[in-house]
Every structure is written in C-alpha cells, then in structure tokens.
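> A structural model of the following input is requested.
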Amino acid sequence: MVLHEAHKIVITMPEDLADSLPESDTDLQQEIKRYLAVKFFQQSAMTIGQAAKFAGLNKTEFETYLSVNQFPISFLNFTDIDADLKKMARIKRTEN
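I've put the predicted structure just below:
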C-alpha cells in the first residue's frame, strides 16, 4: 500500500465567529473541504473523482452532494454533446 503525503492548509477564524457557527470544528472542516471540492470541480481544476476524494466521499456520494445542494453534476454544453454524438455515429459506421 502506498501512502501519500498530505498537504496541510490551516485556516484561522476569529473565535467569536467560530462560536457562532452551529457546526463543530470537525463538521466545519468537512464542509469547507466539500465546498472547495465543488469549486475545484466547477473550475475544471479537478475531475469529479478527484473532487470526491478531496471531499472525503466516493463518487456517488459526491454526485449526491452536488445534486442535493443544487450544483450541476456536468458542465457539458450543447456543442460538447453534439460533438460526442457525431463521434459516436462515426464509430458506429466504422463498426458496421
């Protein structure tokens, strides 16, 4: 088993702000990681699998998290879909 080193980032928050939040420190840390995972995924800095791993979730759990929090699961646009359909049609023609 290969162990990977972790890069640690510390976020400092005023005590009164931390005390006013309903989450425990552990829950807040997890929510911050999930939020960052979503942002990195939205910016295409991470794949959905990488973002899920960063968030501490499996891919299905991360997709559910995105859906429940009304974040898009895919950023494909019509042009992307059209190109994929054309590519699939070419592949199908060459198989026949």
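
> use CA for all of it now, contacts and neighbours both
Noted.

> and Ile48, what does it touch?
With contact set as Cα atoms under 8 Å, 6 or more residues apart in numbering, Ile48 has these partners: 41, 59, 62.

> closest to Asp80 among the residues you listed?
Distance to Asp80 across the contacts of Ile48 (Cα to Cα) is lowest for Phe41, with 17.4 Å.

> so for the most centrally placed residue in the chain, what's the nearest residue that isn't a sequence neighbour?
The centroid of the chain falls nearest to Ala51 when counting by Cα atoms, centre = their mean (3.6 Å). Among residues not flanking Ala51 along the chain, Ala37 sits closest, at 4.7 Å (Cα to Cα, 6 or more residues apart in numbering).

> so among the contacts of Ile48, which ones count as buried?
By neighbour count, with 16 or more other Cα atoms under 10 Å, the contacts of Ile48 hold 41, 59, 62 as buried.

> you'd agree the last one is up against Gln50?
What it means is Phe62. No. Using Cα atoms under 8 Å, Phe62 is not in contact with Gln50, being 10.2 Å away.

> point out where the chain drops to low pLDDT.
The model of the chain has pLDDT under 70 over residues 1-3, 72, 74-77, 96.

> do a quick rundown of the helices in it.
All helices of the chain, identified by DSSP state H, fall at 15-20, 25-42, 48-55, 59-68, 78-95.

> so how far is the first one off the chain centroid?
Between the mean C-alpha location of helix 15-20 and the chain-wide mean there is a distance of 27 Å, by Cα atoms, centre = their mean, to the nearest Å.
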